[in-house]
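Engineer: Show me the folded form of this:
(2 chains)
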Amino acid sequence: MAGHDLAFNSVVFLFCFMPLALLVYYLAPGRLKNAVLLLESIVFFCWAGIRWLPLIAVLVAVNYLAGRLIARLQGGGRRAVLVLAVVLSAGALVFFKYTNFLLETLNSIAGLQLSPLSFLSALPLGISYYVFKLISYVADVYTKKTQAERNVIDFAAYVLFFPQLIVGPIVRYRDMAPVLHNKAMGRCSIAQAESGAVLFVFGLAKKVILADSIGALWQNIIGADGVGLANASTPLAWLGILAYSLQLYFDFSGYSEMSNGLSKMMGFDCPANFDRPYMATSITDFWRRWHITLSLWFRDYIYIPLGGNRRGALRQVFNMLVVWALTGFWHGASWNFLCWGLYYFVLLVIEKNFLLKFLQKGRVWPRLYTLFFVVVGWGIFTANQPGAPLGLLLNRLFVPHAGVSALYFVRNYGVLLALGCLFSTPLPGWLWEKTRRVLPLRLLIFAALAVLCVAFVVASTVSAALYADF
Amino acid sequence: MAKQYVYRKPGRGAGPRAGAVLALFALMWVAFSIYNAWAPKREMSELENRRLAQFPAFSVQSLLNGRWTDGFTTYLQDQVAFRDVWIDLESAVNSLLFGKVEESNILLGKDGWMFTKLFEITPDTTEQLQRNLEAVSELAARYPGRVTFLLAPSASVIYPEMLPLGAPMADENALLDDIFAQVGAAADVIDLRPVFSAAKEEYLYFKTDHHWTPQGAYLAYRQFCSLKGLTPFDTAAHEAVTVENFYGTHYSAARRWDVQPDSITYYPVDAPMTVYQIDGEAQYTPLYTESLINTEKFSTRDKYAAFLDGNNGYSVIEGQGEGSILVVKDSYANSFVPYLTENYAKIGVIDLRNFSYGLDSTIEAEGYDQILILYNFQTFIADKRVVYMNRPTTLTQAAE
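Structural biologist: Take a look at the predicted model:
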């Protein structure tokens, strides 16, 4: 079987791949930088084996040619090429991500015995992200928001760009093209590299110190040797789903910040993917702050092309339904993700139609309202995990139950949970800005955090071989 | 995002120098990356008690299918410079800064105590436990009056007040009640909970290790003697030896920053133990004969392994008593068996984790009168090889 992907929070990435990749990239002359970047990205992409390289190569080639053709053609031909390219890219995503799910569904609906395709058991690395990047590119060329890329190396470097390969963010070609075309020796300023380094280390800290530690609480409940959701008391169930919500946020936003930090160190200013989503004052607001690049992608390449809100209220509701069903399914080939998407569709339709104007008047309750529905939403989101069926979770959350008390978990995770809540607010960022004037303090905080991150990265690899000979 | 603040006040120099944090980052990363590449590599981690990954053998094929990079990833993380220091730091930060009372599935109890985290008995384990109980009952039924079942409780059952606040441990007491009731129908059982609880001021369990101490084992042994009508080993007549600074497996996993090292106090019993190579069913070739306590191991990290020289498949000890006994066991028996030399002439020891045959042929060929099944609760409920004790004797070739 194939190996493991190259995670940012691994020793090999932090102290081997990243330093070498940055060094070679900095030393490379301007016109070779994109080639270097592409080579590094291919190494990153093939870390777990070359199995999926042909797929991405074909998709890059198809969309590169489609871009060139769309730029040259006029009239109906343009549209045909666009449709062809989108169908091929989206088709690859659908095939590799959803075939087995469709087979399973067919089996259960029609009572068939179709066996799943074993080579689809692992999702091709990053396909959900790079397919969206490709579609945004051809669509932008088609709508003349950007020019078609002429240099295939530059284009491939954009698609395979290793900081964004595994978990995005989905940055558009038109946002990265100016830097890709900058063939000067120094692509990034000292200040830019510095803020990149800070972003990277803070992101790493969010991932390895907060997300991984807090996530253990939820695993203590639903994991194979956890106390079991069915045994959890209602306060513990709430504590667990709260911890899971914090874990998801720090995991994903931490990874996005690491990605953006790396991009910055290479000269690319990429838009932030998260903007303190748990401070949102409505569900509408939440989705402007959570996984922003994905929401914007769906807005610009699905919702608006479908007509957005310009074709009447009924059509708008339909367009939202399409967007949220797709958003749900994008997160995974499982029914609970569709339900999760539709859950937001319902909430957003309600907000759009009447709730929003009340929410805008409140100060505290809109935040609590938003948090409540978002946290319950994560319950739906995680319902495909063994040990966390939705019915059971809702039952434990909303019907008061006795059971395993939350006491131990508050004792063990209390400080981390409090830190998690604190770091969901703007306060730490504000404090960090304040330290600008006190350089030694700033250096001290940064160094301490970096050291701590490495300690947590290394300690997460402590082997469990201790009990082989109990 | 990339806002640039420039503070300049008259009479003061430039405010924040852009690049200071970057310089620190570059310095830290480059210095550590270079040192990490050059730093000496290790074969073994004594602390983690395992071999560390070595530089993977290279082939084009292993590179293309991702195996080489996988090996390289593991190699770098296992061999990272100051690995033990990083892990200690993480553990200390978790305790001191984050107030955690759990690390790597070890509960950090009061007063230096550490316990195995056991919050839930999974359905799989429950099934395994049932199979194991039936296996013991089946064996006992084949040897009526000759089988004793001694199951040591976990330290957390005897010292529940030392657990971290509110730790939702699985209900081991209820399970032990069930176990003893079920096996008690067929065999003699020894439930140590009353004796241990009454003697809890004594040093019964290690704080840093998952074993009981030789004192705990001795108390269990006295129970065994009173059940069998034997005169126990007289501790007053022997001089005890104490080995200090024992950091056990709990410590290796949790790396508690405020660890209180254990000590091992044992009675040097000089009885010869022969460790056998298992050639086939009931066919043994002596490998070597040594004292049943290998004192050399007291100077290593894994000090408990001195008793019976670790977990061998089959070994026989010559005692000074009469008759013979076969001990079927996990490592809890290792510090228990030395006391039996007082009462038996021949003590056979079988560890089913390194022994693939049924017991019948060996009991018959070696002529054992008594059978003692000695496990600790946590091993017993999950061990998949307990059931091997009833493998049919007709089996003549190695099963695995």
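Engineer: Could you tell me how many residues sit around residue A:422?
Structural biologist: 11 (other Cβ atoms under 10 Å in any protein chain shown). No exception for glycine: its C-beta is placed from N, CA and C like everyone else's.
Engineer: Leaving out the residues flanking it, which one is nearest to it?
Structural biologist: residue A:428 (6.7 Å; Cβ to Cβ, 6 or more residues apart in numbering or on different chains).
Engineer: Not counting its neighbours along the chain, what's nearest residue A:38?
Structural biologist: Spatial nearest neighbour of residue A:38, excluding adjacent residues (Cβ to Cβ, 6+ apart): residue A:157 at 4.2 Å.
Engineer: hang on, that neighbour in a helix?
Structural biologist: Yes. Remark: residue A:157 belongs to a helix, assigned using DSSP: H, G, I helix; E, B strand; the rest coil.
Engineer: And the residue in the stretch 101-250 of chain B positioned nearest to chain A, its phi and psi?
Structural biologist: Nearest residue of the stretch 101-250 of chain B to chain A (Cβ to the nearest Cβ) works out as residue B:166 at 3.3 Å. In terms of degrees, to the nearest 10, the main-chain angles of residue B:166 are phi 70, psi 10.
Engineer: Contact partners for it?
Structural biologist: Neighbour list for residue B:166: A:405, A:407, A:408, A:411 [criterion: Cβ atoms under 8 Å, 6 or more residues apart in numbering or on different chains].
Engineer: Please repeat the previous calculation with a cut-off of 6 Å.
Structural biologist: Contacts here follow Cβ atoms under 6 Å, 6 or more residues apart in numbering or on different chains; on that basis residue B:166 touches A:407, A:408.
Engineer: Quick check: residues of the stretch 251-400 of chain A near chain B?
Structural biologist: Residues of the stretch 251-400 of chain A found near chain B (Cβ under 6 Å from any Cβ of the partner chain) are A:269, A:272.
Engineer: what ranges do the helices span in the stretch 251-400 of chain A?
Structural biologist: For the stretch 251-400 of chain A, helices defined by DSSP state H, counting those that start in this stretch occupy the ranges A:283-289, A:292-298, A:313-330, A:335-350, A:356-359, A:365-381, A:390-398.
Engineer: what helices or strands is the fourth one leaning on?
Structural biologist: Just to be clear, that refers to helix A:335-350. The contact analysis (3 or more Cβ pairs under 6 Å, 6 or more residues apart in numbering or on different chains; DSSP states H and E) places helix A:335-350 against helix A:313-330, helix A:365-381.
Engineer: To residue A:281, which of those lies closest?
Structural biologist: Among these, helix A:365-381 comes nearest to residue A:281, with 4.4 Å by Cβ to Cβ.
Engineer: where in the stretch 1-150 of chain B is pLDDT low?
Structural biologist: Scanning the stretch 1-150 of chain B with the threshold set as pLDDT under 70 gives B:1-17.
Engineer: again with chain A
Structural biologist: Judged by pLDDT under 70, chain A has its weakly predicted residues at A:1-3, A:463-470.
Engineer: can I see the domain layout of it?
Structural biologist: Following automatic domain parsing, one finds the domains of chain A at A:11-187, A:191-281+A:362-422.
Engineer: could those go into a markdown table alongside distance to residue A:342?
Structural biologist: Output for the domains of chain A, formatted as a markdown table (distance: least, Cβ to Cβ, whole Å):
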| stretch | distance to residue A:342 |
| --- | --- |
| domain A:11-187 | 16 |
| domain A:191-281+A:362-422 | 9 |
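Engineer: what about those domains, which gets the closest to residue B:37?
Structural biologist: With distances scored as Cβ to Cβ, the stretch of these nearest to residue B:37 is domain A:11-187 (7.8 Å).
Engineer: so how far is the first residue of that closest one from its last?
Structural biologist: Taking Cα to Cα, to the nearest Å, domain A:11-187 runs 27 Å from one end to the other.
Engineer: Excluding chain neighbours, give the residue nearest to residue 292 in space.
Structural biologist: By default, I'm working from chain A. Nearest non-adjacent residue to residue A:292 (Cβ to Cβ, 6+ apart): residue A:273, at 5.5 Å.
Engineer: Chain B is the one I meant
Structural biologist: residue B:273 (4.0 Å).
Engineer: That neighbour and residue B:316 touch, don't they?
Structural biologist: No. If you go by Cβ atoms under 6 Å, residue B:273 and residue B:316 don't touch, sitting 7.2 Å apart.
Engineer: Could you list the buried residues of stretch B:237-251?
Structural biologist: By 16 or more other Cβ atoms under 10 Å in any protein chain shown, the buried positions in stretch B:237-251 come out as B:243, B:246, B:247, B:248, B:249, B:250, B:251.
Engineer: What average pLDDT does it get?
Structural biologist: Across stretch B:237-251, the average pLDDT comes to 93.
Engineer: any bit of that stretch sitting next to chain A?
Structural biologist: Yes. Using Cβ under 6 Å from any Cβ, stretch B:237-251 reaches chain A at residue B:249.
Engineer: So which residue is smack in the middle of chain A?
Structural biologist: Note on chain A: the residue nearest the mean C-alpha position is residue A:167, at 4.8 Å, using Cα atoms, centre = their mean.
Engineer: How is that one assigned, secondary-structure-wise?
Structural biologist: Three-state call for residue A:167 (three-state DSSP): coil.
Engineer: isn't it right up against residue A:255?
Structural biologist: Yes. Judged on Cβ under 6 Å, residue A:167 makes contact with residue A:255 at a distance of 5.0 Å.
Engineer: Could you tell me which residues of the stretch 201-350 of chain B lie near chain A?
Structural biologist: Applying Cβ under 6 Å from any Cβ, we find that the stretch 201-350 of chain B lies next to chain A at B:249, B:252, B:253.
Engineer: The last one against residue B:107, yeah?
Structural biologist: Okay, so that is residue B:253. No. In this structure residue B:253 lies outside contact range of residue B:107 using Cβ under 6 Å: 10.9 Å.
Engineer: gap between whatever residue of the stretch 101-250 of chain A ends up closest to chain B and residue A:413?
Structural biologist: Nearest residue of the stretch 101-250 of chain A to chain B: residue A:194, at 3.7 Å (Cβ to the nearest Cβ). As judged by Cβ to Cβ, to the nearest Å, residue A:194 and residue A:413 stand 34 Å apart.
Engineer: Put the alpha carbons of stretch A:102-110 into PDB.
Structural biologist: Provided in PDB are the C-alpha atoms of stretch A:102-110 (Å, rounded to 0.1, in the frame of the first residue of the first chain):
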ATOM      1  CA  LEU A 102     -23.000   5.800  -5.200                       C
ATOM      2  CA  LEU A 103     -22.500   2.000  -5.600                       C
ATOM      3  CA  GLU A 104     -23.300   1.600  -1.900                       C
ATOM      4  CA  THR A 105     -26.400   3.700  -2.200                       C
ATOM      5  CA  LEU A 106     -27.500   1.800  -5.300                       C
ATOM      6  CA  ASN A 107     -27.000  -1.400  -3.500                       C
ATOM      7  CA  SER A 108     -29.100  -0.400  -0.500                       C
ATOM      8  CA  ILE A 109     -31.900   1.200  -2.600                       C
ATOM      9  CA  ALA A 110     -32.100  -1.400  -5.400                       C
END
